[in-house]
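> Using only what follows, build the 3D model:
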Amino acid sequence: MSETINENVKGEPAMRAENGQVMLECRGLTRVYHEGPQDVTVLDGLDLEVRAGERVAVVGSSGSGKTTLLNLLGGLDRPSGGSVRIAGQLLADLGEAQLGRFRNRQIGFVYQFHHLLAEFTARENAALPLIIRGHARRDAERRAGEILDQVGMAARGEHKPGELSGGERQRVAIARALITDPSLMLMDEPTGNLDQSTAANILALMDELASNSACAFVVVTHDTSLAAHQDRVLRLGNGRLSAG
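As a prediction, this is how the structure comes out:
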């Protein structure tokens, strides 16, 4: 990963990590939804620790709270209780604007559906997080070209999503998530919309990225092959995590 991007963030020291350092820490994480007269507890005092360079798969039945967990880890939702700490930063200490900036710098998201903007090229889509951060478009797109090369998409940078295959679109989505050199990568069924052969290619790419990064990976999946390739498999049930 490039050192340049982090060094250019004014007022934000780079949060570099070495493998083994705790990158994600949850303590007593709880999420309760109020539905009419009833309270529905989805997460119930959940604890989780993921170290830099570690890949953790989270599996569980539909409705077990996997998406809720990812939303809390990514700062897209606030917990009812407990805490989430990423790269040493307690998310509860951040206001909404600060949290948005923190997500942009420290967290990468990859979803089952790529969520690329149809009117932009692959290079422009990958560059968006840096453009939002305030980098000059030329610098952001240059860096996007470098990241696209890492994910095997250098030759397709000027193509729009409609001109790409499903696997190619997912590679662009991964490049977009990687471009900020995140401390934490959150993946929600990243191979769930792909055929078996394409999913295997994405899995191999993820293995390569994980081996060359100090980023922590949390992957929610129903794909047993994808889960088996992670360092640990945890099962979410009854609001808690247990060894899968």
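
> C-alpha from now on. contacts and neighbour counts both.
Will do.

> Just give me the residue right at the centre of the protein.
L186 (2.5 Å; Cα atoms, centre = their mean).

> Can you tell me the element that residue falls in?
Assigned by DSSP states H and E, L186 belongs to strand 184-188.

> Please name the strands paired to that strand in the sheet, noting orientation.
Strand 184-188 pairs in its sheet with strand 107-111 (parallel), strand 216-220 (parallel), by DSSP bridges.

> residues making contact with that strand?
The set of residues external to strand 184-188 that reach it, using Cα atoms under 8 Å, 6 or more residues apart in numbering, is 23-24, 67, 70, 74, 86, 106-112, 177, 215-221.

> of those residues, buried ones?
Taking 16 or more other Cα atoms under 10 Å as the criterion, what is buried in the contacts of strand 184-188 is 23-24, 70, 74, 86, 106-112, 177, 215-221.

> Check which residues of the longest helix along the chain are buried.
The residue-count maximum for a helix in the chain (DSSP state H) belongs to helix 196-211. Burial within helix 196-211, assessed by neighbour count using 16+ other Cα under 10 Å, is assigned to T198, A199, A200, I202, L203, L205, M206, L209, A210.

> Give me the nearest residue to the fifth one, chain neighbours excluded.
The reference is to L203. Distances taken as Cα to Cα, 6 or more residues apart in numbering place L226 nearest to L203, at 6.5 Å, with adjacent residues excluded.

> That neighbour: what secondary structure?
Taking DSSP: H, G, I helix; E, B strand; the rest coil as the rule, one finds L226 in the helix state.

> do the one 10 residues further on as well
Remark: L236 carries the secondary structure label strand [criterion: three-state DSSP].

> Make residue 1 into 48 and carry on from there
Okay, residue one is now 48; in that scheme the one you just asked about reads as L283.

> Quick check: the residue nearest to it when sequence neighbours are not counted vs T114, distance?
Among residues not flanking L283 along the chain, G107 sits closest, at 5.1 Å (Cα to Cα, 6+ apart). For G107, the distance to T114 (Cα to Cα, to the nearest Å) stands at 11 Å.

> What of L231?
If you measure L231 against T114 using Cα to Cα, the figure is 16 Å.

> returning to that earlier point: from memory the residue nearest to L250 sits against L252, does it?
No - with contacts defined as Cα atoms under 8 Å, L273 does not count as touching L252, sitting 11.5 Å away.
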